[in-house]
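Chemist: Kindly generate the corresponding structure for this input.
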Amino acid sequence: MEVKARAPGKIILSGEHAVVHGSTAVAASIDLYTHVCLRFPSQTENVDAVKLHLKDVGLEFSWSIERLKEALSQVCCPFSSVPSSCTSESLKSLSSLVDEQSFPEAKIGLASGAYAFLWLYTSILGFKPATVVVTSDLPLGAGLGSSAAFCVALSAAFLSLSSSVNLDVSQKGWLTYKESDLELLNKWAFEGEKIIHGKPSGIDNTVSTYGSMIQFKSGSLTRIKTSMPLKMLITNTKVGRNTKALVAGVSERTSRHPDAMTSVFNAVDSISKELSAFIQSPASDDISLTEKEEKLGELMEMNQGLLQCMGVSHASIETVLRTTLKYKLASKLTGAGGGGCVLTLLPTLLSATVVAKVVKELESSGFQCFTATIGGEGVQICFDGSS
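Modeler: The predicted structure follows:
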């Protein structure tokens, strides 16, 4: 038996950092995916282990069923319909299981992903032998929601073969879950995210689960729909950043200049609300779509200026901004800043020749470029092997 799942990454269209200080933000899914293939051995195969292959980073692990039962005895039986949090005791057991695999020192930052995998697998499916292969279009640690897409895709694959959801395995192609099943899946993915990040907001896994766009403010998430086709060039500067330090830096600047920074956050709130409102309104023809794209570009540039006021830009981000500005294209950083990724709006009527020139120039500076459609489908599942 084999099942495949795919879950999209995410971008922040507006409101990063300011959302921590009470402003509205808007996030959206992108058509760059993390893929999970789950296969149970046939009765003729003599396999008594759970295997994990992280193909993109060249890591393979194997845990015997006996060892998993011994280490995770507290997971007495899978109870997939009620997402359970990993206790500190269980986390120690997961750490021991991963340490036994001689995790490469250079890739030790990925160990928490293996913890999340083991917790989700044993909690949802118990101690069945299986092989799980993970691949991804998303760069790691670049602010595109790679860990959330990983947890969502794992949860989707595991739940599809549990008793908690009802899927028609005879259907061909990519299938979507029912609304109630998506809610359960999202809660399980959030448990995985907590193992990886400690105290995640839940935004990344929610966008990856449901797709489309989400508006969020003060812990409240609202799903929004848009019929506006959006394409972005996503440039990965490949500059690593410390999200906690950048968030702390904005807070420190706010304490030094409270009135000025309050005005900045209020302006970001207005930008996010305006963006959310017009992106949901229908575009009846090419002219109105072009006008909406121009408006979105202006809002992106304004948001970027405010992010610079917060002190979260970086020399690499400014290089991307200067390059795209030469072609009269609007750009902004997405996520924490300080490196990471930059979004550039690609208008519908923009020629492929111009896009190719921009990409060539950015790649010559050592950056990595992706073209992505914004606000598409969320997590999907496939049983027929045709994906």
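Chemist: make it CA atoms for all contacts and neighbour counts henceforth
Modeler: Fine.
Chemist: so where do the strands sit in the stretch 1-150 of the chain?
Modeler: Using DSSP state E, counting those that start in this stretch, the strands found in the stretch 1-150 of the chain span residues 2-14, 25-39, 49-54, 59-64, 130-136.
Chemist: same thing with the stretch 151-300 of the chain?
Modeler: For the stretch 151-300 of the chain, the strands identified by DSSP E, counting those that start in this stretch occupy 213-217, 220-224, 230-236, in order along the chain.
Chemist: and residue 136, which of those strands is closest to it?
Modeler: Taking Cα to Cα as the criterion, strand 230-236 is the member of the strands of the stretch 151-300 of the chain that comes nearest to residue 136, at 15.1 Å.
Chemist: That closest one to strand 2-14, inter-axis angle?
Modeler: Using axes from the mean of the first three to the mean of the last three Cα atoms, to 10 degrees, the interaxial angle of strand 230-236 with respect to strand 2-14 works out to 90 degrees.
Chemist: Backbone dihedrals for the residue positioned nearest the centre of the chain, please?
Modeler: Central residue of the chain (Cα atoms, centre = their mean): residue 145, 2.2 Å from the mean position. Backbone torsions for residue 145, taken as degrees, to the nearest 10, come to phi 70, psi 30.
Chemist: quick one: pLDDT of it?
Modeler: According to the predicted model, the pLDDT of residue 145 comes to 92.
Chemist: Was I right to think it contacts residue 204?
Modeler: Yes - because the distance of 5.7 Å satisfies Cα atoms under 8 Å, residue 145 is recorded as touching residue 204.
Chemist: All the helices of the stretch 101-250 of the chain, residue numbers only.
Modeler: Ranges of helices in the stretch 101-250 of the chain, per DSSP state H, counting those that start in this stretch, are 111-125, 146-160, 179-197, 203-210, 243-256.
Chemist: which stretches of the stretch 151-300 of the chain have low pLDDT?
Modeler: 283, 285-287 (pLDDT under 70).
Chemist: cutoff 90 now
Modeler: Residues of the stretch 151-300 of the chain meeting the criterion pLDDT under 90: 163, 165-172, 197-202, 218-221, 225-229, 240-245, 278-290.
Chemist: among the strands of the stretch 151-300 of the chain, which is nearest residue 324?
Modeler: Each of the strands of the stretch 151-300 of the chain was checked against residue 324 via Cα to Cα, and the shortest separation belongs to strand 230-236, namely 10.0 Å.
Chemist: one step back: hey, what's in contact with both of residue 145 and residue 204?
Modeler: In the contact map built from Cα atoms under 8 Å, 6 or more residues apart in numbering, the residues linked to both residue 145 and residue 204 are 9-10.
Chemist: on that earlier part again, turn the strands of the stretch 151-300 of the chain into JSON lines, including mean neighbour count and distance to residue 262.
Modeler: Output for these, formatted as JSON lines (neighbours: other Cα atoms under 10 Å; distance: least, Cα to Cα, whole Å):
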{"stretch": "strand 213-217", "mean neighbour count": "23", "distance to residue 262": "16"}
{"stretch": "strand 220-224", "mean neighbour count": "14", "distance to residue 262": "20"}
{"stretch": "strand 230-236", "mean neighbour count": "21", "distance to residue 262": "29"}
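Chemist: Out of those, the one nearest residue 114 is which?
Modeler: Comparing the strands of the stretch 151-300 of the chain by their distance to residue 114 (Cα to Cα), the top pick is strand 230-236, with 24.8 Å.
Chemist: Specify the angle between the closest one and strand 25-39 in degrees.
Modeler: 80 degrees.
Chemist: count of residues packed around residue 108?
Modeler: Counted with other Cα atoms under 10 Å, residues neighbouring residue 108 total 12.
Chemist: need the longest helix for this protein.
Modeler: Secondary structure of the chain read by DSSP state H shows that its longest helix is helix 286-310.
Chemist: list the helices and strands whichever helix or strand comes after it packs on?
Modeler: Per DSSP states H and E, helix 286-310 leads on to helix 315-325 as the next helix or strand towards the C-terminus. Using 3 or more Cα pairs under 8 Å, 6 or more residues apart in numbering; DSSP states H and E as the contact criterion, the elements in contact with helix 315-325 are strand 331-334, strand 341-345, helix 352-364.
Chemist: name the helices or strands packed onto the second one?
Modeler: In terms of contacts (3+ Cα pairs under 8 Å, 6+ apart), strand 341-345 is packed against strand 230-236, helix 315-325, strand 331-334.
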